[in-house]
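Participant: Sequence and predicted structure below; questions after.
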Amino acid sequence: MPVAMRVSCLLSATARSFSLSCPAAGLLCCRLLGPGSAVSRRNMSSKRQMDHLERTSNNYRQNTLYPAQVCGIINESEAVKRLRIAVHPDFTFKAGQWVDFFIPDVEKVGGFSMCSSPGLLQREGVVELAVKYAKHPPAHWVHTTCTVGSKVAMRVGGEFFFDPSPSEPSVDLLLVAGGVGINPLYSIMLHTADLLRLNQASGGRDYNIGSAHLCYSARNTQELLFKSSIIEACREFPDKFSCDFHVTQQSTDVDLQLLPFVNPGRITEVVLRKHVDPQKTLCYLCGPPPMIESISKTLMDLGLPKDRILFEKWW
């Protein structure tokens, strides 16, 4: 998209007057288990659900609120809409991060992980968000009111990302997703594919990933977002990418093209064991809290150090 066209598809500067102190009820909370990071155990016993801005108050976020405009809407599934959003030329993010999502006339501020790669932003000037239907005001707005041309404002935040420099040692990625928790992990997978292409084009001078395996669990194959693109990436880089789809409530026959990748039931220790090397594996998890707790414990039981398990938990 030419820069002139991109800039013309942006929210006016008045978006910067959005109140950053308004209450929020976003969808995600980011926590990081990493080298030197302090992990706080929040008391979740309160019946009052914490707002997105409250939950993430201790997380990194940019200081700038950028104007943006919806320039495409795709029905990713029956319950999920994918927004293509043209952003300001200065907008940047790292694969895996989320945005504070401000909507005119909507008091609540959304928290949505980007499901596109930084490379798409560089090439086309857009980012993508996949939002599941909910009564939560920002998600409800996406599904009931948002149209091409709708103006919003966004601010990047989060410490859950994959952004290696060319000089960093190669790692094997294990990506574990549950439901719409696929969003940041899909961004990481797309970014990894971009890095592989850059490394090929530079003759090996850019970052070289060891391997990347995705374990993705949903109720049925209809709810597996981005499944075709994930399979395409595995076929483009068969020596680097692999994936397992896990379905827990499948009631119809599985499409023949998906069948080789689909496993009934939840992600198990047997599945994870195949992709855990305590010395090389770096694991990113995103999904419902019980899944994160269970998978994290299993990975540590398999010998993966705690500082090599990074997760984003959806409350």
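Facilitator: Sure, I can see it.

Participant: what about the strands in the protein?
Facilitator: Ranges of strands in the chain, per DSSP state E, are 29-31, 66-75, 80-87, 98-102, 110-113, 126-132, 151-157, 172-178, 211-218, 241-247, 262-264, 281-287, 309-313.

Participant: how far is the fifth one from where the chain is centred?
Facilitator: I take that to be strand 110-113. Distance of strand 110-113 from the chain centroid (C-alpha atoms, centre = their mean, to the nearest Å) equals 10 Å.

Participant: Give the pairing partners of it; include direction for each.
Facilitator: Neighbouring strands of strand 110-113 in its sheet, by DSSP bridges, are strand 98-102 (antiparallel).

Participant: Just the angle for the partner strand relative to strand 80-87, thanks.
Facilitator: Between strand 98-102 and strand 80-87, the angle comes out at 80 degrees (axes from the mean of the first three to the mean of the last three C-alpha atoms, to 10 degrees).

Participant: got the CA positions of strand 98-102 in PDB?
Facilitator: Provided in PDB are the C-alpha atoms of strand 98-102 (Å, rounded to 0.1, in the frame of the first residue of the first chain):
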ATOM      1  CA  TRP A  98      -1.000  -6.800  22.100                       C
ATOM      2  CA  VAL A  99      -2.700  -3.400  21.800                       C
ATOM      3  CA  ASP A 100      -4.800  -1.300  24.000                       C
ATOM      4  CA  PHE A 101      -7.800  -0.800  21.600                       C
ATOM      5  CA  PHE A 102      -9.700   2.500  21.900                       C
END
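
Participant: And that strand, how far out from the chain middle?
Facilitator: 13 Å.

Participant: pLDDT on that strand, on average?
Facilitator: With pLDDT averaged residue by residue, strand 98-102 scores 97.

Participant: what does stretch 308-315 give?
Facilitator: 80.

Participant: Ok, stretch 165-182 next?
Facilitator: Here the average pLDDT along stretch 165-182 is 95.

Participant: M154 versus the closest residue to I85 other than its chain neighbours, what's the distance?
Facilitator: Spatially, and ignoring its direct neighbours in sequence, I85 is nearest to A68 (5.0 Å; C-beta to C-beta, 6 or more residues apart in numbering). Backbone N, C-alpha and C define where each C-beta goes, glycine included. Counting by C-beta to C-beta, to the nearest Å, the gap between A68 and M154 amounts to 5 Å.

Participant: intersection of neighbour lists for these two?
Facilitator: Common contact partners of A68 and M154 (C-beta atoms under 8 Å, 6 or more residues apart in numbering): I85, V87, F91.

Participant: Give the bridge partners for the closest residue to the second one other than its chain neighbours, please.
Facilitator: Using C-beta to C-beta, 6+ apart and skipping the chain neighbours, the partner closest in space to V87 is A68 (4.7 Å). With beta bridges defined as DSSP bridges, A68 has these partners: V87, V152.

Participant: I figured A68 was touching H88, is that so?
Facilitator: Yes: with contacts counted by C-beta atoms under 8 Å, A68 reaches H88, the gap being 6.9 Å.
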